[in-house]
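[1] predicted model, plus sequence, below.
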Amino acid sequence: MGYVERIKSFNPAAFASVMGTGAVAIASYEYSSYWTPLKEIGIVLTYINVALYTGLLIPWLLRWVLYRKEALEDLRHPSKGHFYGTSGAATIVLVAQFLMILHSRTIAWYLWLWGLVLTFIFAFWMSYEVFIAGEVDLRHLSPAWYIPPVALVIIPFGAIFMRTTTGYVKEFVTVVNYMGWGAGFFLYLVLYAVVTLRFIRHELMPAGMAPLIWMNLGPIGASITALFALVNNSSIAVSKDPLFIFAFFLWGLGFWWLVMAIALTLHYIRNLNLPYSTSWWAFIFPLGAFVNATRDIGNVFSLELMKLLGYSLLWLLFALWLVTFLKPLKSTFPSP
């Protein structure tokens, strides 16, 4: 397939690879106190992610310019359309990497603004398309619908800008951070009920979509990390403890879903099939978000057991990321 054809058929879900790689990089860097080389691994993965993001952004933009019809068709599709939210979410994950790992606040600021544009465009646009489409077939409901809420809820990954700006800019940043978390989290709760109904009332998703089961961990884990960032950087008078305890309760829902995701994945492996596809990136960011949230809970409540649990899950995350990242490379460059 030539480069022009690749642009025309560009998969809007491609930025999930940036989201996943970013989550692995942050988890590695933050857990380097347990094993020092993890810090260097986190830095290397961040540079890889910058290159990956740039390499995906170019054809993504060109498709909107050269093949707008095809891009709009995907956006209006009841399943594919939600994957456009990965562009904004990936940008904000990269913001977190620039802040936490590369310590480049200026680049992070401009990336965060760009991420806001993408996030708000697709979060509102996709909802509008669903509302005017009429009846949506139950089989089109999937955890992929969580992607726009995830992009909204992680806006506070840039919450530090509430402390580094002044005047109307500071007010704008504050409003956007609170609005993003509120809109994203409560929209997720609504969609959680709807998608859970799909699991109850409909047969299991096709084997190629099985990794999407893990996506529930994404909004749960990301909401916890984003809430801590929001509260710790807020200039608005808030009582932190009730919000921290709420985050702990939310983590409990995430743990329940982690067990369910593992059980259902094993069910696919034993009774159905689990073929490799690009949907395997749905394993990575959600699990990475939960690993980071587990570490955050451990830090906030001084629970070493929680941090050790997160560290243990980090190695599962690494294994899944390696397979998902290297498998396409092996196909592109087959061994002689």
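    Structure's in. What do you need? Worth saying up front: this structure is predicted, and the values here are computed from it rather than measured.

[2] now stretch 256-274, how far from the chain's geometric center?
    Centroid displacement of stretch 256-274 relative to its chain, using Cα atoms, centre = their mean, to the nearest Å, is 21 Å.

[3] measure Lys69 to Trp256 for me?
    Distance of Lys69 to Trp256, computed by Cβ to Cβ, to the nearest Å: 43 Å. Every residue, glycine included, has its C-beta placed from N, CA and C.

[4] more neighbours: which of those two?
    Trp256 (12 against 8; other Cβ atoms under 10 Å).

[5] any idea which helix or strand comes after the helix or strand containing Pro59?
    Here Pro59 sits within helix 37-66, counting by DSSP states H and E. Where DSSP H and E defines the elements, the next helix or strand beyond helix 37-66 is helix 68-75.

[6] tell me the mean pLDDT for that next one?
    Mean pLDDT, computed over helix 68-75, is 94.

[7] tell me which other helices or strands that helix touches.
    Applying 3 or more Cβ pairs under 8 Å, 6 or more residues apart in numbering; DSSP states H and E, one finds that helix 68-75 contacts helix 37-66, helix 105-132.

[8] show the contacting residues for Trp125.
    Residues in contact with Trp125 (Cβ atoms under 8 Å, 6 or more residues apart in numbering) are 75, 84.

[9] from Gly88, how far out is it?
    Counting by Cβ to Cβ, the gap from Trp125 to Gly88 is 11 Å.

[10] likewise Val238?
    To Gly88, Val238 is 26 Å away according to Cβ to Cβ.

[11] show me which of these two is the more surrounded one.
    Gly88 (27 against 11).

[12] so the more buried one touches Trp112, yeah?
    No. Using Cβ atoms under 8 Å, Gly88 is not in contact with Trp112, being 10.6 Å away.

[13] re earlier: how distant is the helix holding Pro59 from the center of its chain?
    Worked out by Cα atoms, centre = their mean, helix 37-66 lies 15 Å from the chain centre.

[14] please apply the same query to stretch 274-287.
    12 Å.

[15] what comes up buried for it?
    274, 278-287 (16 or more other Cβ atoms under 10 Å).

[16] hang on, isn't Leu258 packed against Ala293?
    No. Contact criterion Cβ under 8 Å: Leu258 and Ala293 do not qualify, at 10.9 Å.

[17] ok, back up a step: distance to Ile43 and secondary structure for the buried residues of stretch 274-287 - can I get that in a markdown table?
    Below are the buried residues of stretch 274-287 laid out as a markdown table (distance: Cβ to Cβ, whole Å; DSSP: H, G, I helix; E, B strand; the rest coil):
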| residue | distance to Ile43 | secondary structure |
| --- | --- | --- |
| Leu274 | 32 | coil |
| Thr278 | 26 | helix |
| Ser279 | 28 | helix |
| Trp280 | 25 | helix |
| Trp281 | 22 | helix |
| Ala282 | 26 | helix |
| Phe283 | 23 | helix |
| Ile284 | 19 | helix |
| Phe285 | 19 | helix |
| Pro286 | 23 | helix |
| Leu287 | 21 | helix |
